[in-house]
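**Q** Here is a sequence with its predicted model. Questions after.
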Amino acid sequence: MSLEHDNWKGTTGGMPWMQRTLICWLSVVDQRVIYAIMSVVILFYMLFGHAGYITMYHFYRRCRKESWYRAFGHVYMNHYRFGQVVIDRFAAFGGKKYQFVFDEACRNEYLALGKKEEGFVQLSCHMGNYELAGYSMRQERKKMYPLVFMGETETMMLNRQKMFRENGIEMVPVASDMSHVFVLNNALREGHIASMPGDRVFGSTKSLPCAFMGGTADLPVGPFQMAVTRDLPVVPVFVMKENWNTYRVFSYILMPDNDLPKPLRMQRLAQQFADLMSAMVDRYPTQWFNYFDFVRY
Amino acid sequence: MNIEQLKEQIIDALNLEDLTPNDIDNDAPLFGEGLGLDSIDALELIVLMEKYYGIKLQNPAEGKQIFKSVNTMAAYIDEHRTK
């Protein structure tokens, strides 16, 4: 069913009781204390969790052409940032509020899109902390239907569900009977938002190869096909960590080019998304969290 | 229901340029074995039903049965088409 990666399942680590304990701690302890502890723990994690470390090291060396010492520094910072965004998620479960800074033009365009009758396909990716913004962003007239994997622990899923529900967000689990396709299609037909990762191939063996950071990355067909088939905009959203309690939100609106044949329309949108991801990596090099060989050379 | 026309619509929607309607067995499974379609293609079939026959499929539970084969699709269309 899904194209899982041998070294990385993309789920949050820890046993359910550990996650529940962390949520309790974070409801009383400042998350910066946990960040400080984590900054030491990460060194051991890097030492014993080779798979993610080596993949990320290659990413910085090959994709970003960094020297070995700079790449090593970035691998450490990458792990630290990843730890921070996971802690921030747990802190949000414990009631912590974060600040989200929007570019004013982006925000206005995004809100204007939300007032239209038609729905749209919102794209996330494994960068920054998209999920955290989901707890705070909402469109007045539209519900959001994010496609989610059910590989997370019960603690994660229950907390996600609780916080999503408060914001009018209905999770759509990926299902082997393809029911998620019906739910997302219904949502778009009724003018709502279908949200899904734009950087992860799942539920299909088909992909769109795109130029990405000097190599080729396979992006999923699903989100782009959904947008093109229903002639709807694609809206990539990036939520990037700026400091301990602030995230910056970037949103873009990509329209299918109706002058092109359908396969090319999908390819064009996918390439535009790949270009945006690439620009975001340049701006936030340590917030790239795809711990597998994302780029082919 | 014109089965040949439905097969042509499927070929067109799914970009199965290498196939002709004769290559598609009416009773062969559309997903998995048979035509080898996957969830990405399910979307195209849902939109095909909406576009050509005015059928808005809402219930995810029905999908598996409707898209079992060309014959089951055709039977559902016969029963529920609005155009």
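**A** Noted; the coordinates are in hand. Here the structure is a predicted model, which means the values were calculated and not measured.
**Q** only C-alpha atoms for contact and neighbour calcs from this point on.
**A** Will do.
**Q** and residue 74, how many neighbours?
**A** Since no chain was named, I'll use chain A. Residues contacting A:His74 under the criterion other C-alpha atoms under 10 Å in any protein chain shown number 19.
**Q** wrong chain, I was asking about chain B
**A** Every residue meeting other C-alpha under 10 Å relative to B:Ala74 is counted, giving 20.
**Q** how near is it to A:Val183?
**A** Shown here: B:Ala74 relative to A:Val183, a distance of 23 Å by C-alpha to C-alpha, to the nearest Å.
**Q** Could you tell me which residues within stretch A:251-260 count as buried?
**A** The neighbour-count criterion (16 or more other C-alpha atoms under 10 Å in any protein chain shown) identifies A:251-256 as the buried residues of stretch A:251-260.
**Q** Not counting its neighbours along the chain, what's nearest residue 68?
**A** I'll assume chain A. A:Arg61 (6.8 Å; C-alpha to C-alpha, 6 or more residues apart in numbering or on different chains).
**Q** could you do chain B instead?
**A** Closest residue to B:Lys68 apart from its sequence neighbours, by C-alpha to C-alpha, 6+ apart: B:Pro29 at 5.4 Å.
**Q** Return the longest helix in chain B, judged by number of residues.
**A** Ranked by number of residues, the top helix in chain B under DSSP state H is helix B:39-53.
**Q** how much distance is there from that helix to the middle of the chain?
**A** For helix B:39-53, the gap between its own C-alpha mean and the chain's C-alpha mean amounts to 7 Å (C-alpha atoms, centre = their mean, to the nearest Å).
**Q** What lies in contact with that helix?
**A** Helix B:39-53 has contacts (C-alpha atoms under 8 Å, 6 or more residues apart in numbering or on different chains) with A:178, A:181-182, A:185, A:203-204, A:221-222, A:225-226, A:229, B:9-10, B:13-14, B:55-57, B:77, B:81-83.
**Q** Tell me which residues of stretch A:169-186 come out buried.
**A** In stretch A:169-186, residues buried by neighbour count (16+ other C-alpha under 10 Å) are A:169-174, A:178-186.
**Q** Of these, which fall within the contact range of chain B?
**A** Counting by C-alpha under 8 Å from any C-alpha of the partner chain, A:178-183, A:185-186 from those sit close to chain B.
**Q** follow-up on the earlier one: and the buried residues of stretch A:169-186, which two are furthest apart?
**A** Greatest spacing in the buried residues of stretch A:169-186, by C-alpha to C-alpha: A:Ile169 and A:Met178 (20.1 Å).
**Q** helix or strand for residue 78, which one?
**A** Going with chain A. Secondary-structure assignment from DSSP states H and E places A:Asn78 in helix A:68-93.
**Q** my bad, chain B
**A** When secondary structure is defined using DSSP H and E, the element that contains B:Asp78 is helix B:70-80.
**Q** Looking at that helix now, give me its mean pLDDT.
**A** Model confidence over helix B:70-80, given as mean pLDDT, is 94.
**Q** can you give me phi and psi for A:Asn245?
**A** In terms of degrees, to the nearest 10, the main-chain angles of A:Asn245 are phi -130, psi 20.
**Q** Could you pull up the residues touching the residue lying closest to it once chain neighbours are set aside?
**A** Counting by C-alpha to C-alpha, 6+ apart, the nearest residue to A:Asn245 once its immediate chain neighbours are dropped is A:Tyr98, at 5.3 Å. Shown here is A:Tyr98, whose contacts under the criterion C-alpha under 8 Å, 6+ apart are A:92, A:245-247.
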